[in-house]
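quick one, what's the 3D model for this:
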Amino acid sequence: VKEFMIFMLVLEVGMVGVFLAIDLFLFYIFWELVLVPMYFLIGVWGSDRRIYSAIKFFLYTFAGSVLMLVAIIALYFHHHEVTGVYTMNLLSMYELSIPVKLQFWMFAAFALAFAVKVPMFPFHTWLPDAHVDAPTSASVILAAILLKMGTYGFLRFAIPLFPVAAFDLMPLVGALAVIGIIYGALVAMVQKDMKRLVAYSSVSHLGFVMLGLFAFNIQGIEGAILQMVNHGISTGALFLLVGILYERRHTRLISEYGGLFKVIPVYAAVFMIVTLSSLGLPGLNNFVGEFLILMGAFRPMKGFTVAAAVGIVFAAVYMLWMFQRVMFGAIGNEKNRHLPDLNAREVAYMLPLLLFIFWIGVYPQTFLRKMEASVSAVVTQIEEKRKAALAERPPGETLLARYFGGTPD
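Here you go, the predicted structure:
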């Protein structure tokens, strides 16, 4: 227990450091520090294929981050060339004028590291394995906070530092986000393991966050930030609920259950609320985030927004189908007849999550008001830098000519 708690606390230190650091080198140190405790949490306390999943998690996220380090070093020297000052301070970097061609390569390096962490399609394959084999507490931290390091990285670093490249690559990121939404939902539908189903639902939900971030307007970005919080609450709660069942029955297979509503009604009621939250029922938290994202993304990316809305329908299919098979019908397995319902400790840690599910769903203004000034500043900053870059472009210049050299068409 002692070693487990040590690794959990070191993991929290790393994550808090990532979100607080405004020095690029310090940010990178904390970014990589997070990998070590999570590697051990999965590899030591995980389930059947824990070693495979731990190594896969480490290699994917570490390999994706190496190019970001190169870009940070390049940015450091470019800052000195322009200003004569050596610094890693992020706020100083925001004021820096970065040539458009350099922006493309630097954005690509940062975006790769963040895309693996989100994870975006096609860099998502480490996530289901890591979730399934991680212990419940590590799965909750992974879903609720660790994945948000990637989306936070886009919002805090990649987009404000390289806004022209980010704007030019909006169609590519939008396409990958929508593929992630649809693909994650379709694969979730066919899962036999509840935890793997929830893991693939994360791929789908994080696609919405990326779509909102790359809408480059206030509604889209506010929706994306709120959806980061919503995903942490809803998916974290789902992993806790699956973990509670696993503790009692030591299996996560959907086929092993059925008829649980009659046996553990309190658990079933909580599971129902969290399921409806995850699929975006109006009045619950996920609906607000998804609505803002779709509203923000509709003007710049109409086709992608329509496709993303189909993903919400698919979410209802896989979540409700899983709930129906686990909770309703006849009790097919005798081992399920005497399962204990939620105890006081389990009710105590689920209640705050249920509170936020309803609070954000009914009155999101409490949370949106907090982010309004910051989001407005980011949108204004992106727009100003983009207009300045557009003014310098030769007429008729293509994307390929801009970033890879050559003459305009």
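
so how far is E32 from L24?
Computed as CB to CB, to the nearest Å, the L24 to E32 distance reads 13 Å. No exception for glycine: its C-beta is placed from N, CA and C like everyone else's.

what's the neighbour count on E372?
12 (other CB atoms under 10 Å).

equivalent analysis for Y152, please.
As a burial measure, Y152 scores 19 neighbours (other CB under 10 Å).

what sits closest to it if chain neighbours are left out?
Once flanking residues are discounted, Y152 sits nearest to F19: 6.5 Å by CB to CB, 6 or more residues apart in numbering.

elements contacting the one helix or strand the one you found maps to?
Using DSSP states H and E, the element containing F19 is helix 2-20. Under the contact definition 3 or more CB pairs under 8 Å, 6 or more residues apart in numbering; DSSP states H and E, helix 2-20 sits against helix 24-33, helix 35-45, helix 136-141, helix 148-153.

minimum distance to L354: which of those has it?
helix 136-141 (15.2 Å; CB to CB).

what mean pLDDT does the closest one get?
Mean pLDDT, helix 136-141: 90.

residues in contact with it: which ones?
Helix 136-141 has contacts (CB atoms under 8 Å, 6 or more residues apart in numbering) with 8, 11-12, 15, 38, 41-42, 45-46, 131, 195, 236, 239-240, 242-243, 246.

mind redoing it with 7 Å?
By CB atoms under 7 Å, 6 or more residues apart in numbering, the residues outside helix 136-141 that reach it are 8, 11, 38, 41-42, 131, 236, 239-240, 243.

likewise for stretch 107-124?
60-61, 64-65, 67-68, 70-71, 126-127, 147, 149-151, 153-154, 157-158, 162, 165-166, 176-177, 179-180, 183, 203, 206, 210.

go with 6 Å
Applying CB atoms under 6 Å, 6 or more residues apart in numbering, the external contacts of stretch 107-124 come out as 60-61, 64-65, 67-68, 71, 127, 149-151, 153-154, 157-158, 162, 165-166, 176, 179-180, 183, 203, 206.

from these, which land in helices?
Among those, the members falling in helices (DSSP state H) are 60-61, 64-65, 67-68, 71, 127, 149-151, 153, 165-166, 176, 179-180, 183, 203, 206.

whichever of the residues you listed end up buried, select them in ChimeraX.
Typed into ChimeraX, the line below selects the buried ones among the ones in helices among the contacts of stretch 107-124, using 16 or more other CB atoms under 10 Å:
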select :60,61,64,65,67,68,71,127,149,150,151,153,165,166,176,179,180,183,203,206
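
can I get stretch 177-187 as PDB, trimmed to CA atoms?
Output in PDB follows, covering the C-alpha atoms of stretch 177-187 (Å, rounded to 0.1, in the frame of the first residue of the first chain):
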ATOM      1  CA  ALA A 177     -11.100  14.600 -34.500                       C
ATOM      2  CA  VAL A 178     -14.300  13.500 -36.400                       C
ATOM      3  CA  ILE A 179     -12.700  10.100 -37.300                       C
ATOM      4  CA  GLY A 180     -11.800   9.700 -33.600                       C
ATOM      5  CA  ILE A 181     -15.400  10.500 -32.600                       C
ATOM      6  CA  ILE A 182     -17.000   8.000 -35.100                       C
ATOM      7  CA  TYR A 183     -14.300   5.300 -34.800                       C
ATOM      8  CA  GLY A 184     -14.200   5.400 -31.000                       C
ATOM      9  CA  ALA A 185     -18.000   5.100 -30.800                       C
ATOM     10  CA  LEU A 186     -18.200   2.200 -33.300                       C
ATOM     11  CA  VAL A 187     -15.500   0.200 -31.700                       C
END
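
ok now that stretch, how far from the chain's centre?
14 Å (CA atoms, centre = their mean, to the nearest Å).

mean confidence score for it?
Stretch 177-187 comes out with an average pLDDT of 93.

so what touches that stretch?
Residues contacting stretch 177-187 (CB under 6 Å, 6+ apart): 120-121, 200, 203-204, 207, 210-211, 304, 307-308, 311, 314-315.

and stretch 271-291, by the same measure?
Residues from elsewhere that reach stretch 271-291, judged by CB under 6 Å, 6+ apart: 208, 223, 226-227, 230, 234, 237-238, 241, 312, 315-316, 319, 323, 357, 360-361, 364.

that one: how far from the chain's middle?
That offset, for stretch 271-291, works out to 16 Å (CA atoms, centre = their mean).

in it, what counts as buried?
Applying 16+ other CB under 10 Å to stretch 271-291 flags 271, 273-281, 284-291 as buried.
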